[in-house]
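[1] Okay, structure incoming, though there's no sequence with it:
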């Protein structure tokens, strides 16, 4: 049973930075592609970034290009999301997930809240 513990969220001013972490337990991370998603109340969950097993990253959301970076440390079973130049519209609950080869992302943790406000 995969479990996720996301952390690093909080309140930050516009233009600020945060680094989210996601510790994955229950299996070896290097078997999976990893991704970050976010959701605001009343809207569907949005994919932001993903990274393949080969550490190739891809953006789902144009709005975060040049500002957000995904990374992974398989030895620590941890996925990171570095968020820079944060904007109020980045306010959301952020989730990490993993995808086994050939499958979609469908494992979810509790998420971590990010609020960008002055």
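    It's in. None of these values were measured; they are calculated from a predicted model.

[2] hey, let's count contacts and neighbours off CA atoms from now on
    Fine.

[3] Which positions in the worst-scoring helix or strand of the chain on mean pLDDT come out as buried?
    Least confident helix or strand, the chain: strand 57-59 with a mean of 84, by mean pLDDT, DSSP states H and E. Within strand 57-59, the residues that qualify as buried by neighbour count (16 or more other CA atoms under 10 Å) are 57, 59.

[4] mean confidence score for whichever helix or strand comes after it?
    Next along the chain after strand 57-59, taking DSSP states H and E as the criterion, comes strand 68-73. Across strand 68-73, pLDDT averages out at 95.

[5] ok, back up a step: what does the least confident helix or strand of the chain contact?
    Here strand 57-59 makes contact (CA atoms under 8 Å, 6 or more residues apart in numbering) with 48, 49, 50, 51, 65, 70.

[6] Partner strands of that strand, with direction?
    With DSSP bridges as the test, strand 57-59 is paired with strand 46-51 (antiparallel).

[7] Next, the angle from the partner strand to strand 68-73.
    Computed by axes from the mean of the first three to the mean of the last three CA atoms, to 10 degrees, the angle separating strand 46-51 from strand 68-73 equals 50 degrees.

[8] quick one: buried residues of strand 46-51?
    So strand 46-51, judged by 16+ other CA under 10 Å, has buried residues 46, 47, 48, 49, 50, 51.

[9] Need these in a markdown table (columns: pLDDT and distance to residue 36).
    Output for the buried residues of strand 46-51, formatted as a markdown table (pLDDT from 0 to 100; distance: CA to CA, whole Å):
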| residue | pLDDT | distance to residue 36 |
| --- | --- | --- |
| 46 | 94 | 9 |
| 47 | 94 | 6 |
| 48 | 94 | 6 |
| 49 | 94 | 5 |
| 50 | 93 | 6 |
| 51 | 93 | 9 |
